[in-house]
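Asks: got a predicted structure here, sequence first:
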Amino acid sequence: MRRIRELLRYRFEQELSEDDVARAQGVSKGTVHNTLRRFSICGLSWPLPETLGDEELERRLFGTREAQGGAAPDIDRIEAELRRPHVTLELLWREYQQHYPYGMSRASFYRYVRRGLRAPVELKMIHKGGDKLFMDYSGDGIPYVDSATREARQASLFVASWGASSDTFADVTEDQGQTSVVRMLVAAFEWFECVPHALVPDNATSMVAKADRYEPRIGPLMDKLAEHYGVAVLPARVRKPRDKAVVESAVGFAQRYILGRLRDQHFTSLAQIRQAVRPLVEALNDEPMHCYGGQTRRQRFEALDKPHAQALPPERFQMCAAKLDVSVAPNYHVCFEQHFYSVPYHLARERVDIYQVGHLLEIYHKGLHVVRYEKQPPDYGYTTIDEHMPPHHRFVRGWSMEWFQRKAAQIGPRTEELVTCIMKRRRHPQQGFNSALGVLNLTRNYPAERIEAAAERALRFRSPSLGCVRSILERGLDRQPAEMAPVVDGPVVTHANVRGPAYYGDETSSQMTLALTIGGSALCISKPC
């Protein structure tokens with residue numbers, strides 16, 4: 001239209017001929033002639049009125065397509081039809097063409113519809129009923145003072161809103177972690193009593209493990225939730241709030257409607273805040289919306305979203321934590337929230353996925369279920385199933401002082417006494433386990449009677465050790481009498497190095513006499529027992 005205004009100016013102000021105007025505008029003489037003819041019959045005069053816009057000038061010069069061959073499309077009906085599933089603008093154009101074969105062309109139809117939708121809604125996206133549920137956290141929270149710890153905290157306001165009806169769910173959480181997000185989504189589905197076909201979150205780490213413009217990676221817990229409810233997760237682009245304009249608007253409205261009304265109240269717990277927020281959410285959805293003829297969000301939800309949404313599954317989603325691609329340690333244990341759980345030993349150094357479902361832990365390897373545990377407290381302890389251990393580890397796992405005593409008692413009472421003495425002579429009984437095992441393994445080469453005799457001889461000579469018992473058996477001393485050697489009478493040698501019983505403060509203490517033979521003469525040395 002700017003060029004047409006220039007064409008008219010050249011003709012009426014500059015008084016150029018049609019040929020000169022055509023050369024100046026770079027158009028054909030036929031175009032100039034037809035434009036001037038239309039101007040002469042449209043009822044306008046030069047100069048044009050200042051209030052005459054380009055659209056009105058175009059209408060006066062060229063008219064409209066519907067005036068030339070068909071009725072204009074009903075914009076309100078088109079907007080309502082586009083909200084229905086599986087309805088596209090192309091389908092509506094084909095239906096229009098069937099009714100008005102000489103009406104608008106496809107390009108004119110598209111242009112007319114988009115021009116008609118632009119004025120009231122400013123290029124608003126058309127969301128199909130039951131299709132998408134947008135979700136986000138409010139930037140402003142609700143402060144409260146914990147009555148138990150007297151600590152000042154901030155509750156986060158979670159908002160989820162439907163694309164077509166703008167029906168809104170809101171609740172508060174202690175944080176914005178993935179467990180809180182999943183719990184809120186489960187509560188939102190139960191609040192709406194239906195499930196959308198797609199979820200549109202932002203790129204928070206609680207929902208998106210890796211943000212990417214083209215291939216974002218969903219968090220493990222969000223992925224399991226989507227699988228359970230059969231929904232698709234379509235994260236908004238990074239720094240593109242218009243991708244989730246519905247929830248951005250809902251968050252702003254919820255902040256004004258909910259936070260504004262609670263601004264002067266003082267809370268002492270999260271449950272108290274939730275109790276105050278719930279009736280305000282009900283009132284928010286029952287608030288008439290002037291731009292929709294006084295309809296409420298709830299009414300639009302019942303008419304647009306709920307009929308086309310998915311039904312709730314029979315079972316509620318119970319999972320509250322997930323940890324994927326966890327490396328199994330060489331000791332065939334995995335760590336989850338500061339506790340270690342065993343998996344079959346052949347999975348050592350493999351990678352597994354761990355999911356917490358209520359108070360249970362489910363461990364998967366390459367999509368196959370491996371084991372289920374009851375979740376343990378975060379004490380850095382170990383929970384091990386015997387069947388997960390290799391045979392040699394399973395044998396060692398059963399070692400204890402009582403176990404060795406029971407095994408030694410099967411050989412004989414003197415062997416049991418010997419094994420007990422071996423373990424008690426160590427600072428820790430575990431330090432004597434290998435020696436005790438060595439005594440038990442002597443049964444591979446010697447009968448129990450000989451081991452029992454050797455144990456008795458080692459105890460008699462106060463030398464309870466594996467080496468002594470093995471030496472007795474190898475030398476055959478277990479077959480000899482175990483009596484002490486007789487004491488040989490002889491002169492008692494006294495010199496400065498012999499202290500005597502008086503040195504120990506007990507002259508009446510019993511003494512043990514050892515008989516030694518040096519150079520054919522007997523030597524007796526007394527030693528307190």
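Replies: Cool, the structure landed.
Asks: how about the contacts made by Ala71?
Replies: 100, 103 (CB atoms under 8 Å, 6 or more residues apart in numbering). C-beta here means a position set from N, CA and C on the backbone, and glycine is covered the same way.
Asks: okay, and it sits in which element?
Replies: With elements taken from DSSP states H and E, nothing contains Ala71; it lies in neither a helix nor a strand.
Asks: could you list the domains of the protein?
Replies: As given by automatic domain parsing, the domain ranges for the chain are 2-63, 67-121, 132-308, 319-395, 399-479, 486-529.
Asks: which of those domains has the lowest mean pLDDT?
Replies: When the domains of the chain are compared on mean pLDDT, domain 486-529 scores lowest, with a mean of 51.
Asks: all helices of the stretch 401-529 of the chain, in order?
Replies: Counting by DSSP state H, counting those that start in this stretch, the segments of the stretch 401-529 of the chain that form helices are 401-409, 413-424, 433-440, 448-460, 466-475.
Asks: buried residues, the last one. List them.
Replies: Same thing as helix 466-475. Residues of helix 466-475 classed as buried under the neighbour-count rule (16 or more other CB atoms under 10 Å) are 466, 468-470, 472-473.
Asks: with distance to Thr268 added, can I get those in a markdown table?
Replies: A markdown table is the format used below for the buried residues of helix 466-475 (distance: CB to CB, whole Å):
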| residue | distance to Thr268 |
| --- | --- |
| Leu466 | 67 |
| Cys468 | 73 |
| Val469 | 72 |
| Arg470 | 73 |
| Ile472 | 77 |
| Leu473 | 77 |
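Asks: between the residues you listed, which is nearest Leu221?
Replies: For those, the residue nearest Leu221 by CB to CB is Leu466; the value is 55.4 Å.
Asks: separation between that closest one and Asp286?
Replies: Counting by CB to CB, to the nearest Å, the gap between Leu466 and Asp286 amounts to 85 Å.
Asks: what do you get for Pro201?
Replies: 27 Å.
Asks: and the two? which has more neighbours close in?
Replies: Neighbours around Pro201 and Asp286, counted as other CB atoms under 10 Å, are more numerous at Pro201. The numbers are 26 against 11.
Asks: which one of the helices of the stretch 401-529 of the chain lies nearest to Phe12?
Replies: Smallest distance to Phe12 across these (CB to CB): 114.1 Å, for helix 433-440.
Asks: tell me the angle of that closest one relative to helix 448-460?
Replies: With axes from the mean of the first three to the mean of the last three CA atoms, to 10 degrees applied, the angle from helix 433-440 to helix 448-460 works out at 130 degrees.
Asks: between helix 433-440 and helix 401-409, how many degrees?
Replies: Here helix 433-440 runs at 20 degrees with respect to helix 401-409, directions being taken by the same axes, to 10 degrees.
Asks: format the CA atom coordinates belonging to helix 433-440 as PDB.
Replies: What follows is helix 433-440, C-alpha atoms only, in PDB (Å, rounded to 0.1, in the frame of the first residue of the first chain):
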ATOM      1  CA  PHE A 433      40.900 -66.800  63.000                       C
ATOM      2  CA  ASN A 434      43.500 -68.000  60.500                       C
ATOM      3  CA  SER A 435      45.400 -69.900  63.100                       C
ATOM      4  CA  ALA A 436      42.200 -71.500  64.400                       C
ATOM      5  CA  LEU A 437      41.400 -72.400  60.800                       C
ATOM      6  CA  GLY A 438      44.800 -74.000  60.400                       C
ATOM      7  CA  VAL A 439      44.100 -76.200  63.400                       C
ATOM      8  CA  LEU A 440      40.800 -77.300  61.900                       C
END
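Asks: and the helices of the stretch 401-529 of the chain: which comes nearest Ser342?
Replies: With CB to CB, the closest approach to Ser342 among the helices of the stretch 401-529 of the chain belongs to helix 401-409: 20.9 Å.
Asks: what is the burial count for the nearest residue to Phe189 once chain neighbours are set aside?
Replies: Of all residues beyond its chain neighbours, the one nearest Phe189 is Val195 (5.3 Å), with distances taken as CB to CB, 6 or more residues apart in numbering. A total of 21 residues lie near Val195 under the criterion other CB under 10 Å.
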